[in-house]
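>>> Kindly return the folded structure for what I paste below:
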Amino acid sequence: MTLSEILKELRREKEYSQKKTAQILGVSTTCYAGWEQGYREPGLNDLKKIALLFDVTTDCLLGLENNELELSTGFGCKVVEYTQLQSQISDLVVKLEPEKQSELLKYIKALKKSGTSEPIEHKEKK
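The predicted model follows:
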């Protein structure tokens, strides 16, 4: 499917008009209609907003997801569902420096491997 077809399908599933969708995304109705008609394409920031609005990945919007991932949509896009806690964690992690992200990943893997609900002692580097 093309991006324009995917946008149209997702919007119809939500039962939104083009005008309502455009307002939510902060673009003109003409701009959004152009995306659905395929003579304009959204930029990166708009793709992110669209993915969040319709609870799908940007890969889905770009037609890159495997059709085996059909969940709640009829055309092969995986619906992304995050809990509030997962969203908060994600927001904090992306603000960390890459080195700190690597340290956090190691800690999470160790926590998972421990298989216990007891806290793991974190050794501070000196």
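>>> which is the next helix or strand following the lowest-mean-pLDDT helix or strand in the chain?
Lowest mean confidence among the helices and strands of the chain (mean pLDDT, DSSP states H and E): helix 84-93, at a mean of 74. Counting by DSSP states H and E, the next helix or strand C-terminal to helix 84-93 is helix 98-114.
>>> Tell me the confidence at the spatially most central residue of the chain?
By C-alpha atoms, centre = their mean, the chain has its centre lying nearest to residue 57, at 4.2 Å. For residue 57, the model assigns a pLDDT of 86.
>>> Check the gap between the residue nearest to residue 54 when sequence neighbours are not counted and residue 37 for me.
Leaving out its chain neighbours, the residue that sits closest to residue 54 by C-beta to C-beta, 6 or more residues apart in numbering is residue 10, at 4.3 Å. Glycine gets a C-beta too; all of them are placed from N, C-alpha and C. Distance, residue 10 to residue 37, using C-beta to C-beta, to the nearest Å: 15 Å.
>>> out of these two, which sits in the more crowded spot?
Shown here are residue 10 and residue 37; by other C-beta atoms under 10 Å, residue 10 has more neighbours (22 against 12).
>>> Assess the claim that the more buried one and residue 57 are in contact.
No: counting by C-beta atoms under 8 Å, residue 57 is not a contact partner of residue 10; they are 11.9 Å apart.
>>> Following the chain onward from the helix or strand containing residue 20, which element is next?
Element membership for residue 20, per DSSP H and E: helix 18-25. Counting by DSSP H and E, the next helix or strand C-terminal to helix 18-25 is helix 29-37.
>>> Enumerate the positions of that next one that are buried.
32, 33, 34, 35, 36 (16 or more other C-beta atoms under 10 Å).
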